[in-house]
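Asks: sequence and computational prediction follow.
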Amino acid sequence: MARYVAEGAQVTLVTCTLGEYGDVVHPDLAHVKNPELLGAHRLGELNQAMAALGVTDFIRLGGDGTYHDSGHHTEEGTPWQIFPAPDRPENAFWDADLHEAALHLVATLRDRRPHVLVTYNPYGGYGHPDHIQAHRVAMYAVQLAGVASYRPDLGEAWLVPRVLWGTFCAEDWALAAKLAKEAGLDLGWSIPEETDEESPVPPMVARRRDLAAHVSTGPWLEQQRAALRAHKSQVDLGDPFWAMMTADPHPEMLGESYLLAAGRPTNGLATDIFEGLDLTH
């Protein structure tokens, strides 16, 4: 986001809840560990993070408070699967009507007319139910937004030229874990070698051969760090993972990787998510 704002692109961030059921990792913020207080607090953190990145257009799907954080929990015997909280509120995003939620995004897509849409993969990043729902809403909205005869009251149709799913490059993260361990930071996880067919990579990771694009951290590292630090309730800079992400020197390979989900392919592994697109209309 910081890169493309700096290059003059229109960057819009759509979030779906206020994260009301999230964990509070910083002891100084224990007093906001309440759904109503935490939602308002995290909106403030989001404002700070977007200011650090230079993003001025960031909205909540359907408007603030339309959808509530669904919470999450894990169960034994179901690795890599996270479930929504059983006591979630009626307007929990996980339970949102898919068509209704998608229509909110259709209106935004037709208004902003993006050349690239980036969303979660089907697993939802690390598996959070609301991330999975965000993926579903985004993919459905992209299809509906491109149909000229469908709901013209929501704006002129716009078929997004390229849709990408965020992922992590397995080879880059394996190297980063190795470097972190050598520096005394044990992240507590590893990525199987490519030749290890009996140990597939986790669902949030993809092999380099499958990537469509990779954007390096480059000159936007300080903005990235500032944005991460703004999320004080969520980011514990003492945690080995976040320590690595904000360390100096920073593992340069830990940029952002993407899989092509729909639209025009890139020519191999692109370093620009807009590569090959006609940006004149």
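Replies: Thanks, I have the structure now. Numbering: from 1, shown residues only.
Asks: which helices and strands does the longest helix anywhere in the chain pack with?
Replies: Ranked by residue count under DSSP state H, the longest helix found in the chain is helix 35-53. Judged by 3 or more C-beta pairs under 8 Å, 6 or more residues apart in numbering; DSSP states H and E, the packing partners of helix 35-53 are helix 2-6, helix 221-230. (Glycine included, C-beta is placed from N, CA and C.)
Asks: buried ones in the longest one?
Replies: Of the residues in helix 221-230, those buried under the neighbour-count criterion (16 or more other C-beta atoms under 10 Å) are 221, 223-230.
Asks: hmm, back to that, as a markdown table, the helices and strands packed on helix 35-53 with distance to residue 278 and mean pLDDT would be great.
Replies: Below are the helices and strands packed on helix 35-53 laid out as a markdown table (distance: least, C-beta to C-beta, whole Å; pLDDT from 0 to 100):
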| stretch | distance to residue 278 | mean pLDDT |
| --- | --- | --- |
| helix 2-6 | 17 | 97 |
| helix 221-230 | 29 | 92 |
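Asks: so what's residue 28 up against?
Replies: Listed by C-beta atoms under 8 Å, 6 or more residues apart in numbering, the contact set of residue 28 reads residue 232.
Asks: how would you label it: helix, strand or coil?
Replies: Counting by DSSP: H, G, I helix; E, B strand; the rest coil, the backbone at residue 28 sits in helix.
Asks: quick check: it vs residue 230, distance?
Replies: Here the criterion is C-beta to C-beta, to the nearest Å. By it, residue 28 lies 15 Å from residue 230.
Asks: likewise for residue 52?
Replies: Distance check for residue 52 against residue 230: by C-beta to C-beta, it reads 6 Å.
Asks: quick one: mean pLDDT for the longest helix of the chain?
Replies: The average pLDDT for helix 35-53 rounds to 96.
Asks: next: stretch 259-270.
Replies: 97.
Asks: end-to-end on it?
Replies: 11 Å (C-alpha to C-alpha, to the nearest Å).
Asks: quick check: buried residues in stretch 202-220?
Replies: Those would be 202-206, 211-215, 217, 220, for stretch 202-220 by 16+ other C-beta under 10 Å.
Asks: hey, C-alpha coordinates of that stretch in PDB?
Replies: Extracted C-alpha coordinates of stretch 202-220, given in PDB (Å, rounded to 0.1, in the frame of the first residue of the first chain):
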ATOM      1  CA  PRO A 202       1.000 -25.100   5.400                       C
ATOM      2  CA  PRO A 203      -2.100 -23.600   3.600                       C
ATOM      3  CA  MET A 204      -1.000 -20.000   4.100                       C
ATOM      4  CA  VAL A 205       2.200 -20.700   2.200                       C
ATOM      5  CA  ALA A 206       3.000 -21.200  -1.500                       C
ATOM      6  CA  ARG A 207       6.000 -22.300  -3.500                       C
ATOM      7  CA  ARG A 208       7.800 -19.700  -5.500                       C
ATOM      8  CA  ARG A 209       7.000 -21.500  -8.700                       C
ATOM      9  CA  ASP A 210       3.300 -20.800  -8.200                       C
ATOM     10  CA  LEU A 211       3.600 -17.100  -7.400                       C
ATOM     11  CA  ALA A 212       2.400 -14.400  -9.800                       C
ATOM     12  CA  ALA A 213       4.100 -11.400  -8.100                       C
ATOM     13  CA  HIS A 214       6.300 -10.500  -5.200                       C
ATOM     14  CA  VAL A 215       6.700  -6.900  -3.900                       C
ATOM     15  CA  SER A 216       9.800  -6.400  -1.900                       C
ATOM     16  CA  THR A 217       9.900  -4.300   1.300                       C
ATOM     17  CA  GLY A 218      12.400  -2.000  -0.300                       C
ATOM     18  CA  PRO A 219      12.300   1.700   0.700                       C
ATOM     19  CA  TRP A 220       8.900   1.300   2.500                       C
END
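Asks: so what touches it?
Replies: 2-3, 6, 80, 121, 123, 125-127, 164, 167-173, 191, 194, 201, 224, 250, 252-260, 265-266, 269-273, 275.
Asks: export the worst-scoring helix or strand of the chain on mean pLDDT as PDB, just CAs?
Replies: None of the helices or strands of the chain scores lower by mean pLDDT, DSSP states H and E than helix 240-245, at a mean of 77. In PDB, the C-alpha atoms belonging to helix 240-245 read as follows (Å, rounded to 0.1, in the frame of the first residue of the first chain):
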ATOM      1  CA  PRO A 240      10.200 -13.500  17.900                       C
ATOM      2  CA  PHE A 241       8.100 -13.200  14.800                       C
ATOM      3  CA  TRP A 242       7.400  -9.500  15.200                       C
ATOM      4  CA  ALA A 243      10.900  -8.900  16.300                       C
ATOM      5  CA  MET A 244      12.100 -10.300  13.000                       C
ATOM      6  CA  MET A 245       9.600  -8.300  11.000                       C
END
